[in-house]
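Chemist: 3D model of this:
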Amino acid sequence: MISHVLKTSLISLGVGFLTEIVNGWLSSQFLSKFFEANLITILVALLAINAATMGIVLTKIRDLIDRNGGSEFFRKTRAQMLLSVKEQVGLIVLATSLLAVKSGTAVANVPNMPLLVNSVVTGIFVYALIVLYDTAKSVLIIVDYEG
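Modeler: I've put the predicted structure just below:
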């Protein structure tokens, strides 16, 4: 589990950094301003979507267990679902903290600190999209499951 979180974190931070480099090259402030205004709302909405989707998946899993037995086969699935909720809550807390720090004057006065903070904020958004993608994959897997 930890290796998966670490891998996803590194991918997200890499994509966030590359995105911020491109934004700097284009002299664009769009993403920075967009995330300042909307990131927390987007993250909470993605958490709600994830929770609703998990409800559908768990209902299907419960049907499979009732028909075929074998609840032990879905222990890892349950653990992964719980991990995704924890990840998303952590992303919300981290984004809130970073956006609060970013709005302070101390960040603007440190060389390259805005680039670093913006890269991490963009990485948080990318991480949330990866979690959403994983949840969507789980729906397709469970719908196609034949038992």
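Chemist: list the contacts of stretch 1-20.
Modeler: Here stretch 1-20 makes contact (Cβ atoms under 8 Å, 6 or more residues apart in numbering) with 31, 79-80, 83, 87, 115, 118-127, 130-131. In short, each C-beta sits where N, CA and C put it, glycine included.
Chemist: buried residues of stretch 20-40, list them for me.
Modeler: Residues of stretch 20-40 classed as buried: E20, N23, L31, S32, F35, L39 (neighbour count, 16 or more other Cβ atoms under 10 Å).
Chemist: burial count for Q88?
Modeler: By other Cβ atoms under 10 Å, the residues close to Q88 number 23.
Chemist: so it is in which element?
Modeler: Assessed by DSSP states H and E, Q88 sits inside helix 75-102.
Chemist: now, of the contacts of stretch 1-20, which are buried?
Modeler: 31, 83, 87, 118-127, 130-131.
Chemist: just the ones in helices from those residues, please.
Modeler: 31, 83, 87, 118-127, 130-131 (DSSP state H).
Chemist: lowest-pLDDT helix or strand in the protein?
Modeler: Every helix and strand in the chain was compared by mean pLDDT, DSSP states H and E; the lowest is helix 105-109, with a mean of 79.
Chemist: picking that back up, quick one, which of the buried ones among the contacts of stretch 1-20 has the minimum pLDDT?
Modeler: Of all the buried ones among the contacts of stretch 1-20, L83 has the smallest pLDDT value, namely 90.
Chemist: residues in contact with that residue?
Modeler: L83 makes contacts with M1, V5, as judged by Cβ under 8 Å, 6+ apart.
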